[in-house]
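Novice: Fold the stuff below for me.
(one chain, ligands or ions: 1)
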Amino acid sequence: MYPFTDIKKESIASLGESGLIRALRRWLGKSSPRTPFGIGDDCAVLPTQTGRGLLTVDPVIYGEHFDDTVSPRSAGAKLFKRNLSDIAAMGGTPRAAVVALAFERRVKIEWLSEFYRGLAENSRNYNVPLVGGDVAQLPTGIVATLTLFGESTGRRILTRVGAKPGDAIYVTGTLGGSRRRHHWSFSPRLHEGAWLAQQNEVRSMMDVSDGLAKDIHALVPAKACPALIAEWIPVSRDALHASRTSGRPALAHALSDGEDYELLFTLAKSASASSFESRWRQAFPRLKLSKVGQIVSSSAFQKESNRFVDLNTYRGFEHLVESKSPVARSRSAPTAKKSQAGKKA
Ligand SMILES: [Mg+2]
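Specialist: Numbers count the residues shown, from 1 in each chain. The predicted structure is shown next:
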């Protein structure tokens, strides 16, 4: 069967990202257990004898997640770290990885060796051996996919489920403008994630990959809304920088750019925020922690909605719907610099 179509309503683009995930779940039927053991969280959870296993997989695709402005070493590092970030998002620790590569025959040996050095460097830094993989040929492009196995660090793993109305919403670090450099230069928040999983008052967690404005919805239970306060959002310097050239507010960049790889979590209403925050500062004096809002009931949100960030105006990165990732957008931007790679001998 010819797999492609130009008729929109027959294509997967018409499903949108969440529609596609629902369809995949339907097609898998009983083969797909409920979250956290199946689809729907940062990692799948595997029941093991010693603790709990975590399994995650994420690719980097040429033109989508990296381009000629990113060194092959950084592209390899990004592949490793975006998977580490998903393990961090559950409060786990990484154990071993396999990598599957698909590319066309024209790929430079020099490019591939540098890409592998990027993988190796991170494998050493994070003490995660690369234990296997696969190589296949593609008619065009480069797709590198890493599968990462991890384990819980303590009694508890944190999933996206568990927040209740009244809980506070927190985010680590600063947000926005990732396409400038952060999308490949970030540090996955493994220590922070493991620490947060040990704090009983933390109820749910994920990492920010598609932008706060989109990702926050995954933590919000039914009949509730995320009440975010604009002034509390930690806007990065790169978001301010991006705002100067885009003409959009820095806040819009912070909410929608994506690829922040920070941790987003909820703190139980009953917890003492000041005690929690001071323990955080003791554990991680150099990493900013911001309370950005609260989970509120839908009815409470309606009453005071003008106080909160209107998430209909700020959308995060939609896979399938928007065809361009932050990297792809920067490639097509008129200010994008032409690659010098082709000029090399
Ligand atoms: Mg994630």
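Novice: Now do the phi/psi pair for residue 183.
Specialist: phi -60, psi -20 (degrees, to the nearest 10).
Novice: how many neighbours does it have?
Specialist: 26 (other Cβ atoms under 10 Å). (Each C-beta comes from the backbone N, C-alpha and C, glycine too.)
Novice: distance of it from the ion?
Specialist: 14 Å (Cβ to the ion, to the nearest Å).
Novice: Am I right that that residue is in contact with residue 259?
Specialist: Yes: the pair residue 183 / residue 259 is scored as a contact, 4.1 Å apart, by Cβ atoms under 8 Å.
Novice: Could I get the buried residue list for whichever strand or helix holds residue 28?
Specialist: Per DSSP states H and E: residue 28 is located in helix 16-28. Buried residues in helix 16-28, defined by neighbour count with 16 or more other Cβ atoms under 10 Å: residue 17.
Novice: With stretch 291-301 instead?
Specialist: 291-297, 300-301.
Novice: quick check, nearest of those residues to the ion?
Specialist: Set against the ion, the nearest of these by Cβ to the ion is residue 292 (17.8 Å).
Novice: who touches the closest one in this structure?
Specialist: Residue 292 makes contacts with 169-171, 212, 228-229, 232-234, as judged by Cβ atoms under 8 Å, 6 or more residues apart in numbering.
Novice: In strands only, show me those.
Specialist: Members of these lying in strands (criterion: DSSP state E): 169-171, 228.
Novice: Out of those residues, which two sit at the greatest distance?
Specialist: 170 and 228 (11.5 Å; Cβ to Cβ).
Novice: Per-residue confidence at the residue in the stretch 51-200 of the chain positioned nearest to the ion, what does it come out as?
Specialist: Proximity to the ion, evaluated over the stretch 51-200 of the chain using Cβ to the ion, is greatest for residue 86 at 4.5 Å. Residue 86 carries a pLDDT value of 98.
Novice: wait, isn't it in contact with residue 148?
Specialist: Yes: using Cβ under 8 Å, residue 86 is in contact with residue 148, at 7.4 Å.
Novice: what's the overlap in contacts for the two?
Specialist: The contact lists of residue 86 and residue 148 share residue 56, where a contact means Cβ under 8 Å, 6+ apart.
Novice: And for the residue of the stretch 151-300 of the chain found nearest the ion, nearest residue in space, chain neighbours not counted?
Specialist: At 4.4 Å from the ion, residue 207 is the closest residue in the stretch 151-300 of the chain, using Cβ to the ion. Nearest non-adjacent residue to residue 207, counting by Cβ to Cβ, 6 or more residues apart in numbering: residue 89, 3.9 Å away.
Novice: Number of residues surrounding that neighbour?
Specialist: Residue 89, neighbours per other Cβ under 10 Å, totals 32.
Novice: Which phi and psi values does it adopt?
Specialist: phi -60, psi -20.
Novice: Likewise for residue 145?
Specialist: According to degrees, to the nearest 10, residue 145 has phi -120, psi 130.
Novice: That one contacts residue 65, doesn't it?
Specialist: No: using Cβ under 8 Å, residue 145 is not in contact with residue 65, being 11.0 Å away.
Novice: Quickly list what's touching both of those two.
Specialist: Shared contacts of residue 145 and residue 65, counting by Cβ under 8 Å, 6+ apart, come down to residue 59.
Novice: any idea how far residue 167 is from the residue nearest the centre of the chain?
Specialist: The centre of the chain sits closest to residue 209, judged by Cα atoms, centre = their mean, with a distance of 2.5 Å. Distance, residue 209 to residue 167, by Cβ to Cβ, to the nearest Å: 21 Å.
Novice: same check, this time on residue 62
Specialist: Counting by Cβ to Cβ - residue 62 and residue 167 are separated by 40 Å.
Novice: How about residue 225?
Specialist: 12 Å.
Novice: now do residue 99
Specialist: Taking Cβ to Cβ, one finds residue 99 at 38 Å from residue 167.
Novice: can you check residue 186 too?
Specialist: From residue 186 to residue 167 the distance is 26 Å (Cβ to Cβ).
Novice: what about whichever residue of the chain sits closest to the ion, which SS state?
Specialist: Ranking the residues of the chain by distance to the ion (Cβ to the ion) places residue 42 first, at 3.8 Å. Secondary structure state of residue 42, per DSSP: H, G, I helix; E, B strand; the rest coil, is coil.
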